[in-house]
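Student: can you look at this prediction? I've put the sequence above it.
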Amino acid sequence: TDVITDLIEKQGKTYDEVIAIGPMIMMKFVSELTKEYNIKTIVSLNTLMIDGTGMCGACRVTVGGKVKFACVEGPEFDGHQVDFDEAMRRQSKYKSFEIAKDTSEHVCNLTGLVNDDIYENHVGADPRVYPSDKGEHVGSPLQELNREISTKRQSRVPVRVQDPIVRSTNFQEVCYGYNLDEATREAQRCLLCKNPKCVTGCPVAIDIPAFIAEIKNGNIEEAARIIAKDSALPAVCGRVCPQETQCEGVCILGVKGEPVDIGKLERFVADWAMKNQLSFTEKAESKNHKIAVIGSGPAGLTCAGDLAKMGYDVTIFEALHEPGGVLVYGIPEFRLPKAVVQYEIENLKKLGVKIETNVVVGKTVTIDDLTDKEGFSAVFIGSGAGLPKFMNIPGESLNGVVSANEILTRSNLMKAYHPNASTPVFVGKKIVIVGGGNVAMDAARVAKRLGAETYIVYRRTEAEMPARVEEVHHAREEGIIFNVLTNPVEILGDEKGWVTGLKCVRMELGEPDQSGRRSPVEIKNSDFVIDADAVVMSLGTSPNPLISSTTKGLEINKWQCIVANETTGQTFRKGVFAGGDAVTGAATVILAMEAGRAAAKGIDEYIKSEPGF
């Protein structure tokens, strides 16, 4: 205070405002002094929130005769109005949790705050005290705070699933998801961060804290409305998105425990909306422009939905007899029920989106036909990457060697798994799936359900597998046998041309390759044979060249992917846009959706820039 007095009186300087940050006693003295000189003074009461108690009641302070809460209404207050004596008494003699009678139902929670800078946000939850037998607190406030985090915040609410032995014999959905009580309890774990990293981790930027807050409040319809603003496929994404590497991967709770199960909460909300037949079909005034979307997978559906909301007349052209793309032909029923996909598609139709099936663009119609003859102002190519890759090793032409795409398409879209189906599917008695991605897991689990003893062969370790951890876990539970650090070199067959086995070599990991994963290196003289009568290649896919080869002006790269602007989806041909797997090669559903959203915005900007709009 002597320093302040010296500045004001002896140096004769004039000050309009003072900001005081420091120990409570010092802020009190500064405020008393500046009040004498009538200088506006702002004090920061951060100490009430994190210093000395770790209890909710510590943030309570009287300002101007009224009860305030530093964590909600501060921490900055008018220093001349703060009752410092009361605040300091509470700081030094805090023995029990108190709530002032005039504080309504305010509940302040510090269970998300520890001594790490990353825990900078907090929200309402149950206040706790930790009494000992003598009525005193056990341990320091920070210790009790960390104990609260470990017991309340650390572990997720478990998700119910089918028994592995039972589910390996049926095609019913494996995961049951949350019910209302489970979803509410899991939502309570969320810190509702002020700067939520989960939103930036989501490719389509869903307002995750907002919809979780509505679950906490019991307003599931509003939660569904919030999600629908940014996602056309919430029931799908809640089931198949790799949340662990995206939104959940950056959840702040994951630093000291398990992140919030955002995916299961999204699924719960979407399923609740589906059960209650809710749809959110708000759209702008018609713009009188027709847009063609090629492909009804996640990129095409998302692009079509966003454009329809903008007021465009959108038609999707699908090559197969059912819309949904990879969602219906590539993902098994036990992971993504077809009824879920159909529900999402019906919601798009309510927006006015039209879908024409059995239209193979590049054969039955070309992009030139769509733009020049049928009057479409722009075209979006979301045809995916459905062309399977093979190893080009001896024996790949033998009977019993198929791609994962074939197994999945036959069993999914053509219902070959059904005993009375007319579509044949061959998995043999002992089958080997080559690959370690989600598609490999899907193919293996389908084969298991169709009665085959099933093996997965992968040239790296399980830690390097690109498949989701959850899918690998479920596959193991269901009895799939893993052969890691194993690479096929030849498929063996009999005199009739049928597979009899897979010749492999053992591998070890060497130096990292361009992807950052350690490259597998063959161990000499380590070859061995796995007896099998069927082999499935699940080595990824590439875009079908049908569209690029029949459309002038499109540029493709060495992987046969269409070259398009990353931000707008614009290709080298005017008015033609592309996104999803057709541009990136095989990737995830959510990344395809992100590309579809970006292209919809790019198409809108393109049309608005054209003369006569």
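Tutor: Thanks, I have it. Numbering: from 1, shown residues only.
Student: point out where the stretch 1-150 of the chain drops to low pLDDT.
Tutor: Scanning the stretch 1-150 of the chain for pLDDT under 70 picks out the ranges 1-13, 47-60, 69, 71-72, 89-150.
Student: mind doing that once more with 90?
Tutor: Applying pLDDT under 90 to the stretch 1-150 of the chain flags residues 1-39, 43-63, 65-77, 79, 82-150.
Student: near K283, how many other residues are there?
Tutor: Around K283 there are 15 other residues, counting by other CB atoms under 10 Å. Bear in mind the C-beta positions are built from the backbone N, C-alpha and C, glycine included.
Student: for it, which three-state class applies?
Tutor: Classification of K283 using DSSP: H, G, I helix; E, B strand; the rest coil returns coil.
Student: what about it, distance to L351?
Tutor: 6 Å (CB to CB, to the nearest Å).
Student: shared neighbours, the two?
Tutor: Listed as contacting both K283 and L351 by CB atoms under 8 Å, 6 or more residues apart in numbering are A308, K309.
Student: so where do the helices sit in the stretch 251-400 of the chain?
Tutor: Secondary structure of the stretch 251-400 of the chain by DSSP state H, counting those that start in this stretch: the helices cover 262-275, 298-309, 326-329, 338-350, 367-368.
Student: contacts for the last one next, please.
Tutor: With contact meaning CB under 8 Å, 6+ apart, helix 367-368 is reached by I294, V361, V379, I381, I547, T550, T551, K552, V576.
Student: now F572. Nearest residue, chain neighbours left out?
Tutor: Nearest non-adjacent residue to F572, counting by CB to CB, 6 or more residues apart in numbering: E555, 4.6 Å away.
Student: thought the one you found was touching V576?
Tutor: No - with contact defined as CB atoms under 8 Å, E555 does not reach V576; the gap is 10.9 Å.
Student: which of the two has more neighbours?
Tutor: Between E555 and V576, counted using other CB under 10 Å, V576 has the larger neighbour count: 26 against 12.
Student: residues contacting the nearest residue to A235 once chain neighbours are set aside?
Tutor: Nearest residue to A235 in three dimensions, chain neighbours excluded: A270, at 3.6 Å (CB to CB, 6+ apart). For A270, the contact set (CB under 8 Å, 6+ apart) comprises A224, I227, P234, A235, G238.
Student: what does the helix or strand containing the last one contact?
Tutor: With elements delineated by DSSP states H and E, G238 resides in helix 234-240, which encompasses its position. Under the criterion CB under 8 Å, 6+ apart, residues 175, 177, 224, 227-228, 231, 263-271, 273-274, 298, 327, 331, 335-336, 340-341, 343-344, 588-590, 593 lie in contact with helix 234-240.
Student: doesn't H418 fall inside a helix?
Tutor: No - per three-state DSSP, H418 lies outside any helix segment and is coil.
Student: that one: how many residues sit nearby?
Tutor: Per other CB under 10 Å, the neighbour tally for H418 reads 11.
Student: gap between the helix holding G238 and the chain center?
Tutor: Centroid separation between helix 234-240 and its chain, computed with CA atoms, centre = their mean, to the nearest Å, is 9 Å.
Student: swap in stretch 65-82?
Tutor: In terms of CA atoms, centre = their mean, the centre of stretch 65-82 is set 39 Å apart from its chain centre.
Student: so which bits of it are buried?
Tutor: Going by neighbour count (16 or more other CB atoms under 10 Å), the buried part of stretch 65-82 is V67, K68, F69, A70, C71, G74, P75, F77, G79, H80, Q81, V82.
Student: farthest-separated two in these?
Tutor: Spatially, the most separated pair among these is C71 and H80, at 21.6 Å (CB to CB).
Student: quick check: bridge partners of I530?
Tutor: Counting by DSSP bridges, I530 forms beta bridges with L502.
Student: my guess is it meets V489, correct?
Tutor: No - I530 is beyond contact range of V489, at 11.7 Å (criterion: CB under 8 Å).
Student: anything in contact with each of those two?
Tutor: With CB under 8 Å, 6+ apart as the test, I530 and V489 both reach C504.
Student: looking at the two, which is more packed in?
Tutor: When neighbours are counted by other CB under 10 Å, I530 and V489 differ, and I530 comes out ahead with 18 against 14.
Student: quick one: that one from V240, how far?
Tutor: In terms of CB to CB, I530 sits 30 Å off from V240.
Student: next one: L450
Tutor: Separation of L450 from V240 (CB to CB): 21 Å.
Student: same question, D533
Tutor: Counting by CB to CB, the separation of D533 from V240 is 31 Å.
Student: ditto for Q172
Tutor: 16 Å.
Student: which residue packs closest to the spatially most central residue of the chain, ignoring adjacent ones?
Tutor: Residue closest to the average C-alpha location in the chain (CA atoms, centre = their mean): Q243, at 3.6 Å. The shortest distance from Q243 to any non-neighbouring residue, by CB to CB, 6+ apart, is to G263 (3.9 Å).
Student: would you agree that neighbour is in contact with T245?
Tutor: No - with contact defined as CB under 8 Å, G263 and T245 do not form a contacting pair (11.3 Å).
Student: do I have it right that V61 meets A87?
Tutor: Yes - counting by CB under 8 Å, V61 does reach A87; the two are 5.0 Å apart.
Student: the residue lying closest to V576 once chain neighbours are set aside: neighbour count?
Tutor: Sequence neighbours aside, V379 is the residue nearest to V576 in space, at 5.0 Å (criterion: CB to CB, 6+ apart). Neighbours of V379 under the rule other CB under 10 Å: 24.
Student: for A270, see how far away V379 is.
Tutor: To A270, V379 is 30 Å away according to CB to CB.
Student: what do you get for G497?
Tutor: In this view, G497 and A270 are 48 Å apart by CB to CB.
Student: do G375 as well
Tutor: As judged by CB to CB, G375 and A270 stand 36 Å apart.
Student: what do you get for Y417?
Tutor: To A270, Y417 is 26 Å away according to CB to CB.
Student: likewise F572?
Tutor: Look at F572 and A270: by CB to CB, they are 37 Å apart.
Student: swap in A284?
Tutor: Separation of A284 from A270 (CB to CB) stands at 24 Å.
Student: what do you get for T14?
Tutor: In terms of CB to CB, T14 sits 61 Å off from A270.
Student: and for E17?
Tutor: Distance, E17 to A270, by CB to CB: 50 Å.
Student: what does the pLDDT read for the spatially closest residue to N412 that is not a sequence neighbour?
Tutor: Nearest residue to N412, sequence neighbours excluded (CB to CB, 6+ apart): Y329, at 5.3 Å. Listed pLDDT for Y329 reads 93.
Student: cool, G501 as well?
Tutor: Looking at G501, its pLDDT stands at 98.
Student: that one and A532 touch, don't they?
Tutor: Yes - between G501 and A532 there is a contact at 5.6 Å, judged by CB under 8 Å.
Student: distance of the closest residue to S411 other than its chain neighbours relative to M537?
Tutor: Spatially, and ignoring its direct neighbours in sequence, S411 is nearest to Y417 (4.6 Å; CB to CB, 6+ apart). Relative to M537, Y417 is positioned 20 Å away (CB to CB).
Student: who has more neighbours, those two?
Tutor: For Y417 versus M537, the count of surrounding residues by other CB under 10 Å is larger for M537: 25 against 19.
Student: what's across from the more buried one in the sheet?
Tutor: Counting by DSSP bridges, M537 forms beta bridges with S403, V434.
Student: what residues are up against it?
Tutor: P388, K389, F390, M391, E396, V401, V402, S403, A404, V434, G435.
Student: redo that, cut-off 10 Å
Tutor: Applying CB atoms under 10 Å, 6 or more residues apart in numbering to M537 gives the contacts 388-391, 393, 396, 401-406, 432-435, 440, 443, 488, 491.
Student: same check, this time on R410
Tutor: Y329, V402, A416, Y417, A421, T423, P424, V425, F426, V427, V446.
Student: which strands or helices does the helix or strand hosting I212 pack on?
Tutor: Assigned by DSSP H and E, I212 belongs to helix 208-216. Packing partners of helix 208-216 (3 or more CB pairs under 10 Å, 6 or more residues apart in numbering; DSSP states H and E): helix 180-187, helix 197-201, helix 220-228, helix 262-275.
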